[in-house]
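Chemist: sequence first, then the predicted structure:
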Amino acid sequence: MENVILVIHLILALCLIGIVLLQRSEGGGLGMGGGGDVMTGRAAATALGKLTWIFAIGFIITSITLTVLARQQAASSSVMDGVSATETVPAEETTTTPALPTGSDLLPPAATDAPASTPRAD
């Protein structure tokens, strides 16, 4: 059920992107430009405008549906259900840190092993 709604949601998102890109640009931002009918709210409803509204409403409905479904699944279980406050690790399962090997491989190089510094020729 959730997968079907998710596929429909993705298809609606792609259709909404496509239909918005197909529309004619009115120029300017925030309703500036495109004629005087912007302020009156009586803009001509074109086919692309109607499709945009249909896809947008479908997108919002599928978004809300997916949110409700996710919330129902999350309410049935919790991460803390698997952890108890009195749970302890048994003594036989504890591990100790292995001893570090001794020898010269873990020590930094001695001053005599360092490369000789050569003065820069200016």
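Modeler: Sure, I can see it. If you're wondering where the values come from, they're calculated on a predicted model, not measured in any experiment. Residues are numbered from 1 along each chain as shown.

Chemist: so what does residue 25 have for phi and psi?
Modeler: Dihedral pair for residue 25: phi -70, psi 130, per degrees, to the nearest 10.

Chemist: residues contacting stretch 12-20, please?
Modeler: 48, 51, 52, 55, 56, 58, 59, 62 (Cβ atoms under 8 Å, 6 or more residues apart in numbering). C-betas here are computed from N, CA, C, even on glycine.

Chemist: filter those residues down to the ones in helices?
Modeler: 48, 51, 52, 55, 56, 58, 59, 62 (DSSP state H).

Chemist: pLDDT of the host helix or strand of residue 16, averaged?
Modeler: For residue 16, the host element (DSSP states H and E) is helix 2-22. Computed over helix 2-22, the mean pLDDT rounds to 94.

Chemist: give me the buried positions along it.
Modeler: 8, 9, 12, 15, 16, 19 (16 or more other Cβ atoms under 10 Å).

Chemist: doesn't residue 66 make contact with the second one?
Modeler: Yes. Counting by Cβ atoms under 8 Å, residue 9 sits close enough to residue 66 to count as a contact (6.3 Å).

Chemist: point out the least confident member of the contacts of stretch 12-20, please.
Modeler: pLDDT across those is lowest for residue 48, at 87.

Chemist: for that residue, give me its contacts.
Modeler: Contact criterion Cβ under 8 Å, 6+ apart gives 19, 22, 23 as the residues in contact with residue 48.

Chemist: can you select the buried ones from the contacts of stretch 12-20 in PyMOL?
Modeler: Of the contacts of stretch 12-20, the buried ones go into a single PyMOL selection, burial set by 16+ other Cβ under 10 Å:
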select buried, resi 51+52+55+58+59+62
